[in-house]
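Colleague: Predicted model and sequence below, questions to follow.
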Amino acid sequence: MNEIRILLVEDNEGDILLTLEAFSELKAGTRIDVVRDGAEALTYLRREGKFSQSLPPQLILLDINMPGMNGIELLEHIKSDELLKMIPVLMLTTSSSTADIKACYDRSANCFITKPIDFGKFLEVVQSIERFWFRTVQLPGAAA
Amino acid sequence: MDVVHILLVEDNEGDIILTTEAFKDMQLENRISVVKDGEEALRFLRREGRYKDVSLPQLILMDIHLPGINGKDLLEIIKLDEELREIPVVMLTSSDKDADISECYEKQVNWYITKPIDYDKYTKVMHEIEAFYVSFVPYDKMMR
């Protein structure tokens, strides 16, 4: 299996480390790039500036609570962009609010995952993502 | 736990049997409604005619290859509809062509899965769908 390219959009340093650590435990090879706010995410996805050489990700992991543009607003930008909207977006967030869940599905989030605080449980979540998103589901556009 | 209502849009009798049989063996208590083409799916989802008293499904499984409106067009209609677009849609189809995969994600399919021919692998995929759905789709919060 080729390395799967993932964009993690997350501003909390602890959660970034947790996520990178959890994905490093997987059998599947992943390459995870991290951006810390919505504006940087859009710059990355549009391959502007310092990201002009980046390949598009095959999957986006997106938190809701971020400075500036929040995750729901970013989701809306991504899913209304002709070039970006085909990238699956997994909301990966501490929120479990009904309003957030409905807002995300309404804006075409591919799924909504409430992340556990406990690392062991979080690792199980990431293993579920691996089993489902890397081995069961087809991801779009393996090529750049 | 509420019974999860699933709509299967599939015209192949063999695949209908495979899918309904697989879902009988699930942890998730579920009820599957089957329609065999896109027009009937839309009548079901819009609660027209004999479907006027049905409840909206909480998951839609559909094939690309359908008589009349094909699955991709049906997907697009659902995902543009304000009332229907929150419903997770799984494209469960024999096609593994990049063009079909990309087009379905552009039209906001939630999950695209190429269905295995082998019965055991098919059942396993159904269980993977169930496992991920139960863990990560808060259908009880999304129910109307």
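Modeller: Sure, I can see it. What you see is a predicted model, and the numbers here were worked out from it, not measured in a lab.
Colleague: which residues touch the residue nearest the centre of chain A?
Modeller: Centroid check for chain A by Cα atoms, centre = their mean gives residue A:61 as the closest residue, at 1.1 Å. By Cβ atoms under 8 Å, 6 or more residues apart in numbering or on different chains, the contact list for residue A:61 reads A:6, A:7, A:8, A:9, A:10, A:19, A:90, A:92. Every residue, glycine included, has its C-beta placed from N, CA and C.
Colleague: count of neighbours near the nearest residue to residue A:106 once chain neighbours are set aside?
Modeller: Spatial nearest neighbour of residue A:106, chain neighbours left out: residue B:86 (5.5 Å); criterion: Cβ to Cβ, 6 or more residues apart in numbering or on different chains. Residues near residue B:86, counting by other Cβ atoms under 10 Å in any protein chain shown, number 22.
Colleague: got it, and residue A:13?
Modeller: Residue A:13 has 10 neighbouring residues, counting by other Cβ under 10 Å.
Colleague: in stretch B:44-54, what counts as buried?
Modeller: By neighbour count on 16 or more other Cβ atoms under 10 Å in any protein chain shown, the buried set for stretch B:44-54 is B:44, B:45, B:51.
Colleague: That one - what's its average pLDDT?
Modeller: Averaging pLDDT along stretch B:44-54 yields 96.
Colleague: quick one on the thing from earlier: let's see if you can find the most crowded of the contacts of residue A:61.
Modeller: Busiest of the contacts of residue A:61 [other Cβ under 10 Å] is residue A:9, holding 28 neighbours.
Colleague: list the contacts for that residue?
Modeller: The contact partners of residue A:9, by Cβ under 8 Å, 6+ apart, come to A:34-38, A:41, A:60-63, A:66, A:71, A:74.
Colleague: Can you give me the distance of residue A:35 to residue A:18?
Modeller: As judged by Cβ to Cβ, to the nearest Å, residue A:35 and residue A:18 stand 17 Å apart.
Colleague: Sorry, wrong one. I was asking about residue B:125.
Modeller: Distance of residue B:125 to residue A:18, computed by Cβ to Cβ: 30 Å.
Colleague: List the contacts of the residue nearest the centre of chain B.
Modeller: Compute the mean C-alpha point of chain B, and by Cα atoms, centre = their mean the closest residue is residue B:61, 1.3 Å away. Residues near residue B:61 by Cβ under 8 Å, 6+ apart: B:6, B:7, B:8, B:9, B:10, B:19, B:90, B:92, B:129.
Colleague: could the residues you listed be laid out in TSV, adding distance to chain A, pLDDT and secondary structure?
Modeller: Putting these into TSV (distance: Cβ to the nearest Cβ, whole Å; pLDDT from 0 to 100; DSSP: H, G, I helix; E, B strand; the rest coil) gives the following:
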residue	distance to chain A	pLDDT	secondary structure
B:6	16	95	strand
B:7	16	97	strand
B:8	18	97	strand
B:9	18	98	strand
B:10	18	96	coil
B:19	15	92	helix
B:90	9	96	strand
B:92	11	94	strand
B:129	7	92	helix
